[in-house]
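*Asks:* predicted coordinates and the sequence they were generated for:
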Amino acid sequence: MPKKFLIDDSMILWPDKKMPASVYRGPNIGVLPRRPELFDDIHGTVTIKVGDKITTDHIIPAGARMKYRSNIPKYSEFVFENVDSTFAERAQAIQKAGKQNIIVAGLSYGQGSSREHAALCPMYLGVHAVIAKSFEEFTRPI
């Protein structure tokens, strides 16, 4: 190991400590929602029943919708869009009525790459339980 690493930071423009810095968010960048406290009991509605091998692309579509990935409220409008286009609207109505949404699935729920958004967006819509025969590795929002 070298005794000293050569670092060239001559291209870095350091902020002026007298001037406060502001972060400007464009229309597609939102604040990450926090998970509500978990309930001891779930009083919910099965909002959707899906089959086996539901991928993250089934849960939250990629493609043209990915421009909303940094805006969870907007991106959540497209949850299960290609499976049941009325899911997000129904889930919001159930959530506004004070109940929790429940997803029932078959084998291998949540397989695929975009696991964070496939967990965050349903959480935002008030999904408090996914009952499945088996799960793939899945990210749980903190």
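*Replies:* Structure received. Residues are numbered from 1 along each chain as shown.
*Asks:* low pLDDT regions in this structure?
*Replies:* Scanning the chain for pLDDT under 70 picks out 137-142.
*Asks:* next one: phi and psi at the one residue sitting closest to the centre of it?
*Replies:* Centroid-nearest residue in the chain, with C-alpha atoms, centre = their mean: L120, separated by 2.3 Å. Torsion angles at L120 (phi, psi; degrees, to the nearest 10) stand at phi -60, psi -50.
*Asks:* I figured it hits S70, correct?
*Replies:* No - contact criterion C-beta atoms under 8 Å: L120 and S70 do not qualify, at 11.1 Å. No exception for glycine: its C-beta is placed from N, CA and C like everyone else's.
*Asks:* what sits closest to L32 if chain neighbours are left out?
*Replies:* I72 (6.5 Å; C-beta to C-beta, 6 or more residues apart in numbering).
*Asks:* again, but for Y109
*Replies:* Nearest one to Y109, counting by C-beta to C-beta, 6+ apart, is A132 at 4.0 Å.
*Asks:* list the contacts for the one you found?
*Replies:* 103-107, 109 (C-beta atoms under 8 Å, 6 or more residues apart in numbering).
*Asks:* what about it, distance to K53?
*Replies:* To K53, A132 is 11 Å away according to C-beta to C-beta, to the nearest Å.
*Asks:* which residues of the protein fall in strands?
*Replies:* For the chain, the strands defined by DSSP state E cover 44-49, 100-105, 127-132.
*Asks:* ok, the second one: who's next to it in the sheet?
*Replies:* Each strand paired with strand 100-105, and its direction, by DSSP bridges: strand 44-49 (parallel), strand 127-132 (parallel).
*Asks:* wait, what's in contact with G51?
*Replies:* Residues in contact with G51 (C-beta under 8 Å, 6+ apart) are 105-106.
*Asks:* same deal with V50?
*Replies:* 58, 80, 83, 103-106, 109.
*Asks:* from those, which would you call buried?
*Replies:* Among the contacts of V50, those classed as buried by neighbour count (16 or more other C-beta atoms under 10 Å) are 58, 80, 103, 105, 109.
*Asks:* report the two of those residues separated the most.
*Replies:* F80 and Y109 (12.1 Å; C-beta to C-beta).
*Asks:* excluding chain neighbours, what is closest to R65?
*Replies:* The spatially closest residue to R65, leaving aside those adjacent along the chain, is F78, at 5.0 Å (C-beta to C-beta, 6+ apart).
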